[in-house]
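Trainee: test case, fold it:
(one chain, ligands or ions: 1)
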Amino acid sequence: MPGASEQLAVDGVLAKRIRLFETRPSQQEMAAEIEAVIDRGGALIAESGTGTGKTFAYLVPVIQSGRRAILSTATKTLQDQLFDRDLPLVREALDLPLQVARLKGRSNYLCLYRYKTNGMEVFKMGAAMRSDFDQIRQWSAFTPSGDIGEVDDIAEDSRVWPMVTSTLDNCLGGKCPDVEKCWVIQARKEAMNADLVVINHHLFFADLNLKEEGFGQLLPGAEVVVFDEAHRLPGIAQDFVGEGVTGYQFYELAKDLRVEERREKSGVEGMIGAADKLEKAAADLRLSLGRESRRGALADIEGDQEFQKAVNRLSEALIHFTGLLEAAAPVGDGLERCYQRAHSLRERFHLILDRDSIESVRWFETTPRSFSLRMTPLDIGTTYRKLIASDDRAWLFTSATLSINGDFSLYQERMGLEEAMTALWQSPFDYQSQALLYLPEGLPEPRISGYTELAIEAIIPVLKATAGRAFILFTSYCALDIAHEVLEGEIDHPLLVQGSAPRGELLEQFRKAGDAVLLGTSSFWEGIDVRGEALSCVVIDKLPFAVPDEPVLRGRMAALEAEGRNPFFELQVPEAAITLKQGAGRLIRDASDRGVLMICDPRLVTKGYGKTFL
Ligand code: SF4
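Mentor: Alright, predicted model coming up:
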């Protein structure tokens, strides 16, 4: 069989069988390198500039190798795109027998047991919930996979979903009366039997961290593991490794206990009352953290009396509840599972609140209804170091943004991949002739009050010159709101603003309008592909330094300082440079694209570190 590089050549099988396939030398080189890594094992960190065609560059050697493989992408949308679009194209072109499967986290599948047992509870929760539940009933009769992504008409954040899907905590596993027909188990079986499984990074970390069955069984059988959009791994890992509890875990436990107590009738006096108290104490803890959604270090709020009182009340309620449940557990499997959840919740809750450690950061986050308390190790690289050192399979980490001017050390250190090989393929685009970089003169430093208004003044003439067709990417919602206010009425082009409609819808409107201006923050800095003239200008309001009081970043900075290192130059500047590269990368997506990149922040030229960004 020809090698991967030959398959991707002008006269290769992909050119013959895929319409509009373009041969790219950098793609061929990358495919050959990946093929070699698959043969000899080890880890490769591969940066491939926009337009290299990295997806085909790894799909061809992975499929041709005939080895069992796991492909992981950053989001469920990218996972579906890879599984439904790119993978079938390459598989058919290569014409090789290959069994493939897509596996998502368990919360993406209907849980038959919870769907049946929570029916009564849902019907008490109002007309909207009843209507959602009704749709699920109709869909559940015909679904081929139990994947709730097939249900379009129910909002992603509907309260019905947690009631008809499972978590590791509330799944009854082998003791479940519906285990034979369980969708989660079926999806995992299919994945176990497949040659190639497409997952997402969240699933990888969730299962790795929870040591849950499923992926834990999948990984040992895989000979090749590919992480696409690998620049997202550190951020996602940070939210999964370590320990955590959430308000929802308390609310759900209390709710499930009431259902199981009604079903299994333990007869333990005060059981329902204890569940009510637990739920209320968790809700009170949420209230003690203030109304707005925020994130911060636990150490900063532990002196707050309201918070401390709420913590103590929740701790007492949890201890009392777990004590009663211990007596109720032998009555039935449902109550037994509730007891195990309560016990584990109690352990984690006290671990996070009681222990301070220089190796981890304890932090909190609030949403309108819930809270999270987490303990995150500062060195997330341990996970990979252990995994990779312990086996001889091939690991590929790929993305368009992993290095800073060819230096991968920040990524390697963060991910524990110091021993990995690195490689870089530049974008085949001719940025010199396709793009123009504009750095406006005369703007003050962003810390000066009124900076955003002045930056917008400088942006308006550019928008007029490009006839709209622009993304303006902000580093904060506050700046986005100011720009929205100033630009409305100032420009004669459709103004699309993040938050006014779902991201996909805004992008669709942007493409259709052909002269729109889109204002966005972080979620628009990456993973967006608008080709052609509709996007001819990308404006960046300021250098995207992470918020320095973000608790995990603060912990990492303190750890570097303790080692006598400089966190600003070794951490903040390089991470911001990678984010800037992502944002700027939205502009040129095709060999025929042309456009202007405007970066307003004067620090790019006035500060010594500015050259790291250019
Ligand atoms: S085994 Fe778990 S996920 Fe499957 S139906 Fe039963 S409770 Fe739900």
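Trainee: distance of Phe569 from the ligand?
Mentor: 48 Å (Cβ to the nearest ligand atom, to the nearest Å). For glycine as for every other residue, the C-beta is placed from the backbone atoms N, C-alpha and C.
Trainee: isn't there a strand covering that residue?
Mentor: No - counting by DSSP: H, G, I helix; E, B strand; the rest coil, Phe569 is not part of a strand but helix.
Trainee: that one contacts Gly608, correct?
Mentor: No - with contacts counted by Cβ atoms under 8 Å, Phe569 stays clear of Gly608, the gap being 9.5 Å.
Trainee: give me the more crowded residue out of those two.
Mentor: Using other Cβ atoms under 10 Å, the more surrounded residue of Phe569 and Gly608 is Phe569, with 13 against 9.
Trainee: so which helix or strand takes in the residue of the stretch 201-350 of the chain found nearest the ligand?
Mentor: Per Cβ to the nearest ligand atom, Arg337 is where the stretch 201-350 of the chain lies closest to the ligand, at 8.6 Å. In the assignment (DSSP states H and E), Arg337 maps to helix 333-354.
Trainee: which residues sit against that helix?
Mentor: If you take Cβ atoms under 8 Å, 6 or more residues apart in numbering as the criterion, helix 333-354 is touched by 117, 169-172, 175-176, 243-245, 249-250, 253, 256-257, 259-261, 263-264, 266, 298, 311, 314-315, 318-319, 321-322, 325-326, 328-330, 362, 373-375.
Trainee: only alpha carbons, please: show that helix as CSV.
Mentor: Backbone C-alpha positions of helix 333-354 (Å, rounded to 0.1, in the frame of the first residue of the first chain) are rendered in CSV as follows:
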residue,chain,number,x,y,z
ASP,A,333,-30.4,-0.5,45.3
GLY,A,334,-31.7,3.0,44.7
LEU,A,335,-31.2,4.0,48.4
GLU,A,336,-27.8,2.3,48.5
ARG,A,337,-26.7,4.3,45.4
CYS,A,338,-27.9,7.5,47.1
TYR,A,339,-25.9,6.6,50.2
GLN,A,340,-22.7,6.1,48.2
ARG,A,341,-23.2,9.4,46.5
ALA,A,342,-23.8,11.2,49.8
HIS,A,343,-20.7,9.5,51.3
SER,A,344,-18.5,10.5,48.4
LEU,A,345,-19.9,14.1,48.4
ARG,A,346,-19.1,14.4,52.1
GLU,A,347,-15.6,13.2,51.6
ARG,A,348,-14.9,15.6,48.7
PHE,A,349,-16.7,18.6,50.4
HIS,A,350,-14.5,18.3,53.5
LEU,A,351,-11.3,17.6,51.5
ILE,A,352,-11.7,20.8,49.6
LEU,A,353,-12.7,22.9,52.5
ASP,A,354,-10.2,21.5,55.1
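Trainee: would you mark the buried spots in it?
Mentor: Across helix 333-354, burial judged by 16 or more other Cβ atoms under 10 Å covers 333-339, 341-342, 345-346, 348-349, 352-353.
Trainee: from the residues you listed, which has minimum pLDDT?
Mentor: Ranked by pLDDT, those bottom out at Leu353 (87).
Trainee: how close does it sit to the ligand?
Mentor: In this view, Leu353 and the ligand are 30 Å apart by Cβ to the nearest ligand atom.
Trainee: filter the contacts of helix 333-354 by proximity to the ligand?
Mentor: Contacts with the ligand within the contacts of helix 333-354, counted by Cβ under 6 Å from any ligand atom: Cys171, Leu172, Cys176.
Trainee: count of neighbours near the last one?
Mentor: By the measure other Cβ under 10 Å, the count of residues near Cys176 is 20.
Trainee: residue contacts, the closest residue to it other than its chain neighbours?
Mentor: Of all residues not flanking Cys176 in the chain, Tyr113 sits nearest, at 5.2 Å (Cβ to Cβ, 6 or more residues apart in numbering). Contacts for Tyr113 were tallied using Cβ under 8 Å, 6+ apart; they are Ser166, Leu172, Cys176, Pro177, Asp178, Cys182.
Trainee: check the offset of the helix or strand just after the helix holding Arg337 from the chain's centre.
Mentor: Under the assignment DSSP H and E, the closest C-terminal helix or strand after helix 333-354 is strand 360-366. Mean C-alpha position of strand 360-366 versus that of the full chain (Cα atoms, centre = their mean, to the nearest Å) differs by 18 Å.
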